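J.: Predicted model and sequence below, questions to follow.
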Amino acid sequence: MSENATDRVQERMPAYESKMDPKPDYEPRFPGVGKLKGRVALITGGDSGIGRAVAVLFAREGAKVAIAYLDEHEDAEEAKRLVEAEGSEALLIPGDLGRKDHATEAVEKTVERFGRIDILINNAAVQYIDAPIEDELDEEQLRKVMDTNVLSYFFTTQAALKHMGEGAAIVNTTSVNAFKGNDMLVSYSTTRGASLAFTRSMASALADRGIRVNAVAPGPVWTPFIEGSMPPEMVEGFGEGTPLGRAGQPWEIATSFLFLASADGSYFTGQTLHPNGGKIVGA
């Protein structure tokens, strides 16, 4: 992390990747081999962080990509440029996925543009450092976390399933905090527990339709989440407490999404991959 990282804390959630120092590393490491050729992916929170890395990697592997995001337009335009630089197509869809009408609209716009939807990546999320639970919680903030991190997954999945058939895949972002808990991120960790239960339940519900549902549970990763939600003393040295001694980079997480979304993961459903720097948690 750069010497002036503590000066780059952003008082906004979602925060901007364009303002981060140093920038997250999204770039795929290997040539594409067509693992997603002919497929269409809708990636929520695809403008930055893990979502951007997934979008670029999927594009390299041949997918057309719809990127749903809130209002970080500069980040989204850069993500679109990166997808197109991989020789693919990108569609940007701004708006609040915590509203059912917009989540439905995002799916319909994807199908209208690309004619189908094969892969849904439920990744959009926010997090905040919580006050002690016995203190008065900010109700509006708490509802925003629940709407973004839980309800958007329900709404987007519900709309997408109308267009998804056998061989389709859904991958949900959860977190190491769903397994180990986090006393400073109680609301966020709770929602990630919900996305884990959602994954397992939907995997059972959709197995007979040939639609696989899995999850990825990242540990500490250098994304806009960090500068957008943490004070300077937490940003400095972020991730050094992992067994590997560092935070992960978004490209290191994106490979798990590719595995689960492609035929490589054809015997996986209801499962969770753990790119977390070596933290041992219950699966």
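T.: Here it is on my side, so go on.
J.: all helices for the chain, in order.
T.: With DSSP state H as the criterion, the chain has helices at 49-60, 73-85, 100-114, 139-146, 152-160, 177-180, 186-206, 224-229, 232-235, 250-261.
J.: what mean pLDDT does the first one have?
T.: Mean pLDDT, computed over helix 49-60, is 98.
J.: One more: the third one?
T.: Model confidence over helix 100-114 averages 98 on the pLDDT scale.
J.: so what secondary structure elements neighbour it?
T.: The helices and strands touching helix 100-114, judged by 3 or more Cβ pairs under 8 Å, 6 or more residues apart in numbering; DSSP states H and E, are strand 40-44, strand 64-69, strand 90-94, helix 152-160. The way it works is simple: take the backbone N, C-alpha and C, and place the C-beta from them, glycine included.
J.: do you know which of these lies nearest G237?
T.: Counting by Cβ to Cβ, G237 lies closest to strand 64-69 out of the helices and strands packed on helix 100-114; the figure is 29.0 Å.
J.: could I get the helices of the chain as CSV with mean neighbour count?
T.: Written out in CSV, the entries for the helices of the chain read as follows (neighbours: other Cβ atoms under 10 Å):
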stretch, mean neighbour count
helix 49-60, 29
helix 73-85, 18
helix 100-114, 18
helix 139-146, 14
helix 152-160, 22
helix 177-180, 20
helix 186-206, 19
helix 224-229, 23
helix 232-235, 13
helix 250-261, 23
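J.: Please convert these to JSON lines, extending it with distance to F30.
T.: Written out in JSON lines, the entries for those read as follows (distance: least, Cβ to Cβ, whole Å):
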{"stretch": "helix 49-60", "distance to F30": "9"}
{"stretch": "helix 73-85", "distance to F30": "16"}
{"stretch": "helix 100-114", "distance to F30": "25"}
{"stretch": "helix 139-146", "distance to F30": "35"}
{"stretch": "helix 152-160", "distance to F30": "29"}
{"stretch": "helix 177-180", "distance to F30": "29"}
{"stretch": "helix 186-206", "distance to F30": "27"}
{"stretch": "helix 224-229", "distance to F30": "25"}
{"stretch": "helix 232-235", "distance to F30": "30"}
{"stretch": "helix 250-261", "distance to F30": "9"}
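J.: about what we covered before: let me have the helices and strands packed on helix 100-114 in a markdown table, adding distance to A106 and mean pLDDT as columns.
T.: A markdown table is the format used below for those (distance: least, Cβ to Cβ, whole Å; pLDDT from 0 to 100):
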| stretch | distance to A106 | mean pLDDT |
| --- | --- | --- |
| strand 40-44 | 7 | 98 |
| strand 64-69 | 5 | 98 |
| strand 90-94 | 5 | 98 |
| helix 152-160 | 7 | 98 |
